[in-house]
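1. Dropping the sequence and predicted coords here.
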Amino acid sequence: MNTIPTDIDALEAERLQREAIMKAVHDILVALGEDPTREGLSDTPLRVAKMYREVFSGRDEDPRAHLQTVFQEDGHDDIVIVRDILFHTMCEHHLLPFFGKAHIAYLPEGGRLTGLSKLARVVDTVSRRPQLQERLTDEIAHAINDALAPQGVMVMVEAEHMCMAMRGIKAHGSKTITLVTRGLFDTDRDRRAETLSLLKGLA
């Protein structure tokens with residue numbers, strides 16, 4: 001017989017997760033030759049556990065939930081663009097941050113619109129989980145396409161990766177750009193080029 005999770009269950013799961021992360025961080029510090037009990041490090045495992053809970057809190061959230069409230073504006077089938085949505089997230093390869101801007105365009109179907117702030121909330125939700133830039137871009141586009149069923153969606157993300165700046169090649173200031181399109185922006189070359197220029201701020 002299935003039981004319904006209670007608030008106590010959730011609190012216990014949170015406690016177990018926090019303790020597991022704290023132990024892992026403690027073990028990493030020991031492996032690095034550090035003394036986890038010394039001043040400056042004694043509270044680090046707890047701080048990291050709390051930080052991870054916050055920065056990875058979007059793992060169990062559905063970004064489409066932010067797009068459930070829509071309004072009908074009959075006759076409005078012109079493109080909607082929101083640029084420069086700031087985000088930061090954690091690269092799943094090295095658990096180092098990458099951050100930047102997301103630019104979103106969608107072409108409504110039948111005047112079906114959503115609030116502009118809802119698009120920023122979609123970006124925030126998919127950012128709060130271990131990510132790859134390519135997947136983050138795709139998840140934003142998928143959420144909008146699935147929830148709003150527009151004629152077309154275009155998402156461009158530009159980001160700086162700390163795993164490139166802090167290690168390896170140490171490419172400070174370099175940016176990676178990813179682009180995902182759906183619907184009309186896949187098939188109409190003129191509309192795609194026009195919208196891409198708008199996203200880049202060139203038009």
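-> That came through fine. Numbering: from 1, shown residues only.
2. Beyond the longest helix along the chain, next helix or strand please.
-> When the chain is parsed with DSSP state H, its longest helix is helix 7-31. With elements assigned by DSSP states H and E, the helix or strand that comes after helix 7-31 is helix 44-55.
3. what's that next one packed up against?
-> If you count contacts as 3 or more C-beta pairs under 8 Å, 6 or more residues apart in numbering; DSSP states H and E, helix 44-55 packs onto helix 7-31. The way it works is simple: take the backbone N, C-alpha and C, and place the C-beta from them, glycine included.
4. Recalculate using a threshold of 10 Å.
-> Helix 44-55 is packed against helix 7-31, strand 80-91, with contacts defined by 3 or more C-beta pairs under 10 Å, 6 or more residues apart in numbering; DSSP states H and E.
5. Would you mark the buried spots in that helix?
-> 44-45, 48-49, 52, 55 (16 or more other C-beta atoms under 10 Å).
6. can you list the weak-confidence ranges in this structure?
-> Residue ranges of the chain with pLDDT under 70: 1-6, 202-203.
7. That one - how does it break down into domains?
-> Domain assignment of the chain by automatic domain parsing yields the ranges 7-55, 63-199.
8. which of those domains is buried the deepest?
-> domain 63-199 (a mean of 17; mean count of other C-beta atoms under 10 Å).
9. can you give me how far that domain is from the chain middle?
-> Relative to its chain's centre, domain 63-199 lies at 9 Å (C-alpha atoms, centre = their mean, to the nearest Å).
10. ok, now stretch 19-36?
-> The answer for stretch 19-36 is 28 Å, by C-alpha atoms, centre = their mean.
11. Can you tell me what sits against that stretch?
-> Stretch 19-36 is contacted by residues 37-38, 40-53 when judged by C-beta atoms under 10 Å, 6 or more residues apart in numbering.
12. Then stretch 38-45?
-> Contacts for stretch 38-45 (C-beta under 10 Å, 6+ apart): 18-19, 21-29, 34-36, 47.
13. End to end on it, go ahead and measure it.
-> End-to-end distance of stretch 38-45 (C-alpha to C-alpha, to the nearest Å): 12 Å.
14. Ok, stretch 52-64 next?
-> 23 Å.
15. ok, residues contacting that stretch?
-> 14, 17-18, 21, 24-25, 68, 88-90, 95, 97, 118-119, 121-131, 139-140, 142-148.
16. sorry, back to before: for E73, find the nearest of the helices and strands packed on helix 44-55.
-> Among those, the nearest to E73 by C-beta to C-beta is strand 80-91 (10.3 Å).
17. Tell me the helices and strands packed up against the closest one.
-> helix 44-55, strand 97-107, helix 116-127, strand 130-131, helix 133-148, strand 152-161, helix 162-165, helix 189-199.
18. what do you get if the cut-off is 8 Å, keeping everything else the same?
-> Using 3+ C-beta pairs under 8 Å, 6+ apart, strand 80-91 is in contact with strand 97-107, helix 116-127, strand 130-131, helix 189-199.
19. Please name the strands paired to the first one in the sheet, noting orientation.
-> The pairing partners recorded for strand 97-107 under DSSP bridges are strand 80-91 (antiparallel), strand 152-161 (antiparallel).
20. Of the ones you listed, which is nearest T181?
-> Here strand 152-161 is closest among the strands paired with strand 97-107 (C-beta to C-beta), at 5.0 Å.
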